[in-house]
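Peer 1: Show me the folded form of this:
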Amino acid sequence: TVGSFFEFQKSGPEKEILSTKDYFRNVIEKQITDHHETYLKDLEKVNDNMKQLEETLTELQNTHEMIDSTITNYENQSSSYIKEMLDRSLLLEEKEKRKD
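Peer 2: As a prediction, this is how the structure comes out:
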C-alpha cells in the first residue's frame with residue numbers, strides 16, 4: 001500500500017515512473033482479482049439458493065398432489081356414502097309401500 005508505493009520510488013526518475021506504473025497495475029490487478037473471487041463466491045451462493053428453491057418447489061408440488069389426491073378420495077368416499085344412503089332410503093320406502 002503506501003509503504004509499498006514509496007519502496008518503488010528509490011532509484012532515479014525513469015525507475016520511479018516504471019515502478020509507479022507497476023505498483024498501480026499490481027494494485028488494480030489485485031482489486032480485480034479480489035472482486036472476481038467475491039463475484040464467484042456470490043455466484044456459488046446464488047446457485048446453492050436456486051437448488052434449495054428448486055427442492056422446495058418440488059416438495060410443494062408433491063404436497064399439492066397429495067392434497068389433491070386426498071380431496072379426490074374424500075369426494076369419492078362421500079359420493080359413495082351419499083349414494084349408499086339414498087339407495088337404503090329408497091329400499092326402506094319400497095318396503096314401507098309393500099307393507100301397505
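
Peer 1: Which secondary structure element of the chain has the lowest mean pLDDT?
Peer 2: Lowest by mean pLDDT, DSSP states H and E among the helices and strands of the chain is helix 2-8, with a mean of 49.

Peer 1: Following element in sequence after that one, please.
Peer 2: helix 13-99 (DSSP states H and E).

Peer 1: Please state the offset of that following helix from the chain centre?
Peer 2: 6 Å (CA atoms, centre = their mean, to the nearest Å).

Peer 1: Please name every helix or strand in contact with it.
Peer 2: The contact analysis (3 or more CB pairs under 8 Å, 6 or more residues apart in numbering; DSSP states H and E) places helix 13-99 against helix 2-8. C-beta: built from backbone N, CA, C; applies to glycine.

Peer 1: burial count for Ser19?
Peer 2: The local packing of Ser19 (other CB atoms under 10 Å) involves 17 other residues.

Peer 1: sorry, that was for Thr72
Peer 2: The burial count for Thr72: 10, using other CB under 10 Å.

Peer 1: Tell me how far it lies from Ser78.
Peer 2: Going from Thr72 to Ser78 by CB to CB, to the nearest Å gives 11 Å.

Peer 1: And Lys95, by the same measure?
Peer 2: For Lys95, the distance to Ser78 - CB to CB - is 26 Å.

Peer 1: now swap in Ile28 and tell me
Peer 2: 73 Å.

Peer 1: next one: Ser19
Peer 2: Taken as CB to CB, the span from Ser19 to Ser78 is 87 Å.

Peer 1: now Phe24
Peer 2: Counting by CB to CB, the gap between Phe24 and Ser78 amounts to 79 Å.

Peer 1: Glu65 too?
Peer 2: Distance from Glu65 to Ser78, counting by CB to CB: 20 Å.
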